[in-house]
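Engineer: Structural data only, the sequence is not supplied:
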């Protein structure tokens, strides 16, 4: 079964540094997403991306965050000037159709970001 | 009121038991509903979509009550492998899915 793959599985960075989290969505999927889950808390929506642009974003997704699809396969989340509270598991997801069409989201294994 | 609200549990049940989880959502315009399962420190995985008419997948049955803004999941004949956190998920925006905090299920021998 095709999978969403994320790298790295664990990223440790110092406060104030920039990190790029990488994702390879399922190849025939058109919609891409980033979610995050702070330890012990719920999964939170960050951003959705379609047709090379952001289609929806949450209030969490401020100027510190950006997403990009630099080529035909990768989908990245960049976090500038990381803060301690950015420590979380970041999940990439993709879906064949828009999330609202009952098309399920397929999640990657996640990248655990630790900001020290 | 939280957008999606669930009892965090844990629900401790013996193997073979039937267990039910409930979820309420605040946005009456919500269109799509799902149950996801999440194992400890793993990614969420879709368990089933929830349809207005109710739907069943093996031992799992999901129900939606739009008037009460209430979703349920019933698990029959619980297995040890059912131990996980069950996430109620609702679409509130064009593509935004809102997750509940999850209900933890522990099935014991």
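Structural biologist: Ah, there it is. All of these numbers come straight from a predicted model, not from anything done at the bench. Numbers count the residues shown, from 1 in each chain, chains lettered A, B, ... in the order given.

Engineer: Who are the contact partners of the most centrally placed residue in chain A?
Structural biologist: Taking CA atoms, centre = their mean, the centroid of chain A lies closest to residue A:34, which sits 2.9 Å from it. Counting by CB atoms under 8 Å, 6 or more residues apart in numbering or on different chains, residue A:34 touches A:21, A:23, A:46, A:47, A:67, A:77, A:90, A:91, A:92, A:93. Where you see a C-beta, it was placed from the backbone N, CA and C, and this is true even at glycine.

Engineer: Any idea how far apart the tips of stretch A:28-47 sit?
Structural biologist: 20 Å (CA to CA, to the nearest Å).

Engineer: Stretch B:66-73 now?
Structural biologist: OK, stretch B:66-73 end separation, CA to CA: 15 Å.

Engineer: For that stretch, buried residues please.
Structural biologist: B:69, B:71, B:72, B:73 (16 or more other CB atoms under 10 Å in any protein chain shown).

Engineer: now do stretch B:23-41
Structural biologist: Result for stretch B:23-41 [16+ other CB under 10 Å]: buried residues B:23, B:24, B:25, B:30, B:32, B:33, B:34, B:35, B:36, B:37, B:38.

Engineer: Please apply the same query to stretch A:46-63.
Structural biologist: In stretch A:46-63, counting by 16+ other CB under 10 Å, buried: A:46, A:47, A:48, A:49, A:50, A:55, A:56, A:57, A:58, A:61.

Engineer: Just the closest of the residues you listed to residue A:72, please.
Structural biologist: Nearest to residue A:72 among the buried residues of stretch A:46-63 is residue A:49, at 13.8 Å by CB to CB.

Engineer: so what's that closest one bridging to?
Structural biologist: Beta-bridge pairing for residue A:49 (DSSP bridges): residue A:32, residue A:54.

Engineer: Enumerate the residues of chain A near chain B.
Structural biologist: A:31, A:33, A:35, A:41-45, A:48, A:50, A:55-56, A:58, A:89, A:91, A:98-102, A:104-110 (CB under 8 Å from any CB of the partner chain).

Engineer: Where does the prediction get shaky in chain A?
Structural biologist: A:98-102 (pLDDT under 70).

Engineer: Okay, now the sheet partners of the helix or strand encompassing residue B:98, with direction.
Structural biologist: Taking DSSP states H and E as the definition, residue B:98 sits inside strand B:97-99. Applying DSSP bridges, strand B:97-99 is found paired with strand B:84-91 (antiparallel).

Engineer: just how off-centre is the partner strand within its chain?
Structural biologist: Chain-centre distance of strand B:84-91: 5 Å, with CA atoms, centre = their mean, to the nearest Å.

Engineer: now do stretch B:35-48
Structural biologist: With CA atoms, centre = their mean, you get 10 Å for stretch B:35-48.

Engineer: Show me what the mean pLDDT comes to for that stretch.
Structural biologist: If you average the pLDDT over stretch B:35-48, you get 94.

Engineer: mind listing the strands for the chain?
Structural biologist: Since you didn't name a chain, this refers to chain A. Listed in chain order, the strands of chain A (DSSP state E) span A:5-7, A:10-13, A:19-24, A:31-37, A:43-50, A:53-57, A:65-68, A:75-79, A:88-95, A:106-107, A:111-115.

Engineer: hm, I was asking about chain B
Structural biologist: Along chain B, counting by DSSP E, strands occupy B:4-6, B:11-14, B:19-25, B:33-38, B:45-50, B:55-57, B:60-65, B:70-75, B:84-91, B:97-99, B:103-108.
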